[in-house]
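Q: Below is the structure, and that's it, no one-letter string:
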Ligand SMILES: NC(=O)c1ccc[n+]([C@@H]2O[C@H](COP(=O)([O-])OP(=O)(O)OC[C@H]3O[C@@H](n4cnc5c(N)ncnc54)[C@H](O)[C@@H]3O)[C@@H](O)[C@H]2O)c1
């Protein structure tokens with residue numbers, strides 16, 4: 001099939017590169033309003049067709065699918081037009097700027113029997129796939145908490161705050177790994193430079209004591225990409241900055257037993273071995289591109305579909321509402 005990639009800024013060229021080597025892709029049409037970006041893609045990928053008019057690309061019936069990597073505020077109008085033109089759509093994260101827009105796109109794709117996917121890239125990494133397998137196999141036990149830190153210096157986005165930019169990744173990972181439904185969100189943050197929050201702390205609550213916490217920051221002196229997952233049997237430490245051994249499984253835990261006497265509850269700690277499982281090193285974006293093409297051809301089921309994108313946007317939107325109300329708890333429907 002022919003695939004259009006719209007938006008050739010920071011992230012779009014990665015999609016062009018991956019789709020250029022994805023099975024069943026006959027040609028890639030790269031589209032941007034900015035002629036300099038088009039020329040730069042033309043130099044790097046001589047076989048890619050260049051297009052400056054997105055409407056012309058959408059009107060071209062030979063293009064069956066498009067990937068959209070433009071700023072978040074433009075996701076909805078571009079994806080709506082692409083779906084209405086009969087194209088399968090892969091949208092960059094986050095799926096849309098509001099849950100209402102995301103829901104509209106999910107329904108539109110469904111009514112037209114088209115594939116709508118979201119680029120939650122981390123879901124396709126060897127590390128997240130391994131954690132998913134361990135959790136599903138019951139090795140970690142019941143999850144008690146999910147705690148993530150994603151901080152570094154920049155890149156400031158101009159149309160969204162740091163939660164929509166960075167926490168989207170961790171919330172999408174949580175949504176993939178934790179199979180329970182979140183019930184409420186609280187967020188605090190502050191803006192120092194361009195009017196958008198550049199540091200934020202988000203808490204997502206579930207029933208039965210499970211809680212998730214996300215710390216995101218564009219103005220940190222060091223790059224930290226860590227997620228800790230506590231289970232009743234074992235605990236996981238995922239450090240994406242580590243060159244190898246990104247995932248470590250700790251056979252550590254706590255057991256509480258009720259005893260007669262002064263201490264009603266006896267807390268005991270268990271410390272066993274730690275191991276770092278082997279991880280598949282395939283490029284996440286290449287797996288995503290392949291899953292999108294296969295899904296569009298009816299040969300696979302999307303791993304990160306429009307509904308996954310919608311659920312993440314619901315949490316992001318609730319976090320924004322909480323931010324505006326000084327961290328008050330926002331209930332999710
Ligand atoms: N999955 C990831 O890990 C990841 C990483 C970075 C960015 N992103 C996402 O990718 C998207 C783009 O981010 P970026 O940092 O590359 O932005 P960017 O500003 O660097 O690039 C956006 C490009 O889109 C073009 N554009 C805007 N409107 C257009 C239109 N109507 N038609 C054609 N081209 C248009 C701009 O000219 C620009 O070249 C965002 O949604 C962002 O969240 C995802």
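A: In hand now; what should we look at? Because the structure is a prediction, the values reported are computed rather than measured.
Q: Could I get the contacting residues of the residue in the stretch 1-150 of the chain positioned nearest to the ligand?
A: For the stretch 1-150 of the chain, the residue closest to the ligand is residue 9, as judged by C-beta to the nearest ligand atom, at 1.8 Å. Heads up, the C-betas are built off the backbone N, CA and C, glycines and all. By C-beta atoms under 8 Å, 6 or more residues apart in numbering, the residues touching residue 9 are 32, 37, 69, 70.
Q: Closest to residue 250 out of the residues you listed?
A: residue 69 (37.3 Å; C-beta to C-beta).
Q: Hmm, the closest one is touching residue 12, no?
A: Yes. Residue 69 lies in contact with residue 12 (C-beta atoms under 8 Å); the separation is 3.8 Å.
Q: Common neighbours of the two, please.
A: 5, 6.
Q: what number of residues lie near the residue of the stretch 151-300 of the chain found nearest the ligand?
A: When scored by C-beta to the nearest ligand atom, the stretch 151-300 of the chain has residue 165 as its residue closest to the ligand, at 6.3 Å. Around residue 165 there are 22 other residues, counting by other C-beta atoms under 10 Å.
Q: Tell me the spacing between it and residue 11.
A: 12 Å (C-beta to C-beta, to the nearest Å).
Q: how's this structure carved up into domains?
A: Structural domains assigned to the chain are 2-121+284-304, 123-281+314-331, following automatic domain parsing.
Q: if we can go back for a sec, the residue of the stretch 151-300 of the chain closest to the ligand and residue 92, how far apart?
A: From residue 165 across to residue 92, the span is 11 Å (C-beta to C-beta).
Q: in stretch 105-115, what counts as buried?
A: 105, 106, 108, 109, 114, 115 (16 or more other C-beta atoms under 10 Å).
Q: who's in contact with the fourth one?
A: Taking C-beta under 8 Å, 6+ apart as the contact definition, residue 109 lies against 83, 89, 115, 116, 306.
Q: element containing it, please.
A: For residue 109, the element it lies in under DSSP states H and E is helix 99-111.
Q: just checking, residue 112 touches residue 83?
A: Yes. Residue 112 is within contact range of residue 83, at 6.1 Å (criterion: C-beta under 8 Å).
Q: Please tell me how far the residue nearest the centre of the chain sits from residue 81.
A: Nearest to the mean C-alpha position of the chain, by C-alpha atoms, centre = their mean, lies residue 120 at 3.2 Å. Distance, residue 120 to residue 81, using C-beta to C-beta: 23 Å.
Q: Repeat that for residue 255.
A: In this view, residue 255 and residue 81 are 57 Å apart by C-beta to C-beta.
Q: more crowded one of those two?
A: residue 81 (17 against 10).
Q: Contacts for the one helix or strand that one maps to next, please.
A: Element membership of residue 81, judged by DSSP H and E, is helix 75-84. Applying C-beta under 8 Å, 6+ apart, the contact partners of helix 75-84 are 6, 54-55, 58, 66, 68, 70, 89, 91-92, 94-98, 101, 104-105, 108-109, 112, 114, 116.
Q: List the residues that contact residue 307.
A: residue 106.
Q: What of residue 328?
A: Per C-beta under 8 Å, 6+ apart, neighbours of residue 328: 186, 322.
Q: Also near the ligand: which of the contacts of helix 75-84, exactly?
A: 6, 54, 70, 92 (C-beta under 6 Å from any ligand atom).
Q: Compare these and tell me which is most surrounded.
A: Going by other C-beta under 10 Å, residue 6 tops these with 27 neighbours.
Q: That one contacts residue 65, correct?
A: No. Assessed by C-beta under 8 Å, residue 6 is found out of contact with residue 65, at 11.3 Å.
Q: Get me the contact residues on the stretch 51-200 of the chain for the ligand.
A: So far as C-beta under 6 Å from any ligand atom goes, the stretch 51-200 of the chain lies against the ligand at 54, 69, 70, 71, 72, 74, 78, 92, 93, 119, 121.
Q: does the fourth one really touch residue 158, like I thought?
A: This points to residue 71. Yes. Using C-beta under 8 Å, residue 71 is in contact with residue 158, at 7.2 Å.
Q: Compare these two and say which is more crowded by neighbours.
A: Under the neighbour definition other C-beta under 10 Å, residue 71 and residue 158 were set side by side, and residue 71 has more, 14 against 10.
Q: Ramachandran angles for that one?
A: Dihedral angles of residue 71 (phi, psi; degrees, to the nearest 10) stand at phi -60, psi 150.
Q: Grab the nearest non-local neighbour of it.
A: Spatial nearest neighbour of residue 71, chain neighbours left out: residue 159 (5.1 Å); criterion: C-beta to C-beta, 6 or more residues apart in numbering.
Q: that's a helix at that neighbour, yeah?
A: No. Read with DSSP: H, G, I helix; E, B strand; the rest coil, residue 159 is coil and lies in no helix.
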